Each structure stands twice: as structure tokens, then as C-alpha cells.
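[1] Sequence and computational prediction follow.
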Amino acid sequence: MRDWLGIKARGTTREKRARERTLACSVMWDVATRTPFLRKAEASDPDSSYHVAEVLVDSGPLIDSLDALGHGIVEPNAPYIAPLIEAAREVRVLAEMRPAWIRHCDEHSSAPRGMPRDTGMRYINGPAMRAWSRVDEAKAASERAEQALRRLYPALVEFCGYDVTTGRGAA
């Protein structure tokens, strides 16, 4: 039967927009929970080695979330698109460093050998970060990624209409 009034097409677009909003909220949640810029720096970590290690560990899941949103975009002129592209570019640099970091930790970690490989805490290791040959590159990439994510987060809050860090609607 023909869709003379376009009801099916409007329903499909509505479903795509709902999916886009769900993906955006998921990215917002991942940014809020997987990026340490929302937490205060610890006095015991003056050179931010733990911070950089944490960002490297979390860059894998974060880039997956950013990519999923990028593939689910319905309105290409949405205000969060430019910050999303920038954030994905910067986080991807960290995600590409991630396997080398994990290899370094596996080779030099003082963690017990029986610890499961997928235990992320094993790789949040300040002393190992300070000894890593790519530490300066990782710190610079981490700073750029955090700046990009700081610009993305408010755009996602505006798009979703809700801020997961405050528990309130967007102002």
C-alpha cells in the first residue's frame, strides 16, 4: 500500500532522531565518566601520570561511543557536529596509542601475573607511565583530547536537554 501522506517516512525519521538522541546521551555519559577532567587532580600525582594513564585506558571505549554517534547522525547541521568531529579526532590519537601503552604495562607491570588481562586498573599505573618512552606524546595528546571533550560536552547537554553530571535539565 502506498504511503500517500508520508506517515511511514515521518515515523522512520522520528525513530532515527530518537536513536541519535540516545547515542548522544550515551556519549555524554561516557565523557562524564571516562574522562578525568571532571574530577580534581590529586596532590599525590603532581605530574598527572595516573591521569594520563586513565585517559589512555578509557580512550578505546570512548572512541567507540563517539564513532557510534557519528554514524547515527540524522541532522548534519546539528550544533554538536563540529565539536564531535574534533573530539573524535583527538581521542582517536589516544586510542591509537592505547595498544602500545597496554603492551608496555604488560611487559613492565608489577601487577600479579594472575590478574585478568581485561582488568583496566592494571593499566592505570603512574610509575609505569613515567617510565614509558611516549609519556610526553601521551600527555600532549591527553590535553588536546580533554580540551576537545570540554567543548563537546556542553553541546551534547544542549542537544539532549539534560546534564548527567548535575542531574538537571539544560539551562
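    Perfect, I can see it now. Numbers count the residues shown, from 1 in each chain.
[2] Please verify my assumption that residue 124 contacts residue 57.
    Yes: if you go by CB atoms under 8 Å, residue 124 and residue 57 touch, sitting 5.8 Å apart. In this view, the C-beta of every residue, glycine as well, is placed from N, C-alpha and C.
[3] which residues does residue 94 contact?
    Contacts of residue 94 were listed using CB atoms under 8 Å, 6 or more residues apart in numbering, and they are 55, 56, 59, 63, 138, 141, 142, 145.
[4] Quick check: closest non-adjacent residue to the last one.
    Put plainly, it is residue 145. Leaving aside its chain neighbours, residue 145 sits nearest to residue 90 (4.1 Å; criterion: CB to CB, 6 or more residues apart in numbering).
[5] got it, and the fifth one?
    With CB to CB, 6+ apart as the criterion, residue 138 has its nearest non-adjacent residue at 5.2 Å, and that residue is residue 52.
[6] likewise residue 26?
    Closest residue in space to residue 26, ignoring its immediate chain neighbours: residue 65 at 5.9 Å, by CB to CB, 6+ apart.
[7] same question, residue 83
    Nearest residue to residue 83 in three dimensions, chain neighbours excluded: residue 152, at 4.0 Å (CB to CB, 6+ apart).
[8] For whichever strand or helix holds that neighbour, what does the pLDDT average out to?
    Using DSSP states H and E, residue 152 sits in helix 135-160. The pLDDT scores in helix 135-160 average 92.
[9] Mind listing what's buried along it?
    Neighbour counts over helix 135-160 (16 or more other CB atoms under 10 Å) mark 135, 138-139, 141-142, 144-146, 148-149, 152-153, 155-157, 159-160 as buried.
[10] swap in stretch 14-28?
    Within stretch 14-28, the residues that count as buried by 16+ other CB under 10 Å are 20, 23, 24, 25, 26, 27, 28.
[11] tell me which of those is nearest to residue 131?
    Using CB to CB, residue 27 is the member of the buried residues of stretch 14-28 that lies nearest residue 131, at 32.9 Å.
[12] For the closest one, identify the helix or strand it belongs to.
    According to DSSP H and E, residue 27 maps onto helix 7-34.
[13] Work out the gap between that helix and the centre of the chain.
    17 Å (CA atoms, centre = their mean, to the nearest Å).
[14] Report all helices and strands that it contacts.
    helix 49-71, helix 135-160 (3 or more CB pairs under 8 Å, 6 or more residues apart in numbering; DSSP states H and E).
[15] do that again at 10 Å, thanks
    Judged by 3 or more CB pairs under 10 Å, 6 or more residues apart in numbering; DSSP states H and E, the packing partners of helix 7-34 are helix 49-71, helix 81-108, helix 135-160, strand 162-163.
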